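S.K.: Structure of the sequence below:
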Amino acid sequence: MFVHRIPNRNSPPCFLLREKYRESGKQKVRTLANLSHLPPDRIRAIERALRGDDILIARSLSNLAVLYHNMGDFEQAERYHRRALEAKRAALGARHPDIAVTLRNMGLMYADKGDLEKAEQYLDEAIAMLEATTGPDTGAVAGTLANLAELYIKQKRLDEAEALLSRAISIWEQVLDPRHPAVARALSELALLYLEQERLAEAETLQLRSTEILEHAMGPQHPDLATALGNLGLIYAAQGKRDQAESLQRRALAIRRESAT
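M.R.: Numbers count the residues shown, from 1 in each chain. Now for the predicted structure:
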């Protein structure tokens, strides 16, 4: 439903409450009520309420898109993402954090689909919109920077990925806490990047910090800690520390077995 304003040349405009519907495969519009007799503030309140309904619908479309993405049905995921994007733009305007969320999700979908060019395009657009609407140093910006960094790592654009991860870590340390799990996960990503670049001492330092944060925040039996321990084991193996590497991998395996039971 929506409020349709119809201007009148020599009198106040007419306000009609209308809805779109489909009949015989064609989209049509019907009038439900004439709101012209209402005070302007009541009409504005109705418009705000209707936009709220539109947002709920748009978010439901987004949820469906993410569901299809997780199921591997990229055709349906893309279809519902585009419908959600159109609905959000109609309700919220051209730039809004909620629109940036859909842009980010589309970027992640295209990355998993293997269309890395489109993935980069949508993630770049999401970052720009988030920076413009929420500020440059928010958790949402940091998360999307980390998403784009993962894409760059897939493309072997490691220097660009390092810059994005470093910025994401800095933001998360400011808006969350230096010992937050989000910081730990980004540190681990950066450590693996350094491992690929054979910057082993730097990789070890970051991975040790990541592991310590996760053990403190999540507990000694959390699957995320198992991942961090495994990553540290890979770094030790690359350094030739075979005994330490094996010990860490065995501990990681024990945690995974425990969490699976």
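
S.K.: you'd agree D98 is in a strand?
M.R.: No: checked against DSSP: H, G, I helix; E, B strand; the rest coil, D98 lies outside a strand; its state is helix.

S.K.: In the stretch 51-200 of the chain, where is pLDDT below threshold?
M.R.: Of all residues in the stretch 51-200 of the chain, those with pLDDT under 70 make up the ranges 51-53.

S.K.: which stretches of the stretch 1-150 of the chain form helices?
M.R.: For the stretch 1-150 of the chain, applying DSSP state H, counting those that start in this stretch gives helices covering 40-71, 74-92, 97-113, 116-134, 139-154.

S.K.: can you pull the contacts of F2?
M.R.: 17-20, 50 (CB atoms under 8 Å, 6 or more residues apart in numbering). All C-beta atoms are positioned from the backbone trio N, CA, C, and that covers glycine.

S.K.: swap the cut-off to 6 Å and go again
M.R.: R18 (CB atoms under 6 Å, 6 or more residues apart in numbering).

S.K.: quick one: it from L176, how far?
M.R.: 40 Å (CB to CB, to the nearest Å).

S.K.: How about L187?
M.R.: Taking CB to CB, one finds L187 at 13 Å from L176.

S.K.: More neighbours: which of the two?
M.R.: Using other CB atoms under 10 Å as the criterion, L187 and L176 rank with L187 on top: 24 against 14.

S.K.: Would you confirm that the more buried one contacts S210?
M.R.: Yes: here L187 reaches S210: they are 4.0 Å apart, a contact under CB atoms under 6 Å.

S.K.: Can you tell me the centre-most residue of this protein?
M.R.: R104 (4.9 Å; CA atoms, centre = their mean).

S.K.: ok, R256 touching A226?
M.R.: Yes: R256 lies in contact with A226 (CB under 6 Å); the separation is 5.0 Å.

S.K.: If you count surrounding residues, which of those two has more?
M.R.: Set R256 next to A226 and count neighbours by other CB under 10 Å: A226 wins out with 22 against 15.

S.K.: Just the pLDDT for that one.
M.R.: Predicted confidence (pLDDT) for A226: 97.

S.K.: What are the neighbouring residues in contact with it?
M.R.: 252, 255-256.

S.K.: And the helices in the stretch 151-261 of the chain, which stretches?
M.R.: Using DSSP H, counting those that start in this stretch, helices in the stretch 151-261 of the chain cover 158-175, 181-196, 200-218, 223-238, 242-260.

S.K.: Throw those into CSV and include distance to P97, thanks.
M.R.: Converted to CSV, those look like this (distance: least, CB to CB, whole Å):
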stretch, distance to P97
helix 158-175, 15
helix 181-196, 18
helix 200-218, 27
helix 223-238, 27
helix 242-260, 34
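
S.K.: So for K26, which of the ones you listed sits nearest?
M.R.: helix 158-175 (47.3 Å; CB to CB).

S.K.: Could you tell me which residues within the closest one count as buried?
M.R.: Neighbour counts over helix 158-175 (16 or more other CB atoms under 10 Å) mark 161-162, 164-165, 167-169, 171-173, 175 as buried.

S.K.: helices or strands up against it?
M.R.: Here helix 158-175 is seen to pack against helix 139-154, helix 181-196 when contacts are counted using 3 or more CB pairs under 6 Å, 6 or more residues apart in numbering; DSSP states H and E.

S.K.: now the angle between helix 97-113 and the first one, please.
M.R.: I take that to be helix 139-154. 20 degrees (axes from the mean of the first three to the mean of the last three CA atoms, to 10 degrees).

S.K.: now what about helix 139-154, what contacts it?
M.R.: 104, 111, 119, 123, 126-127, 130-131, 134, 160-161, 164-165, 167-168, 171-172, 175, 186.

S.K.: same question, the last one
M.R.: Among residues not part of helix 181-196, those counted as contacts by CB under 6 Å, 6+ apart are 146, 158, 161-162, 165, 168-169, 172-173, 176, 202-203, 206-207, 209-210, 213-214, 217, 228, 231, 235.

S.K.: re the thing from before, can you name the residues that contact the closest residue to the residue nearest to the centre of the chain other than its chain neighbours?
M.R.: Spatial nearest neighbour of R104, excluding adjacent residues (CB to CB, 6 or more residues apart in numbering): A126 at 4.1 Å. Residues near A126 by CB under 6 Å, 6+ apart: 100, 103-104, 144.

S.K.: No more questions from me, cheers.
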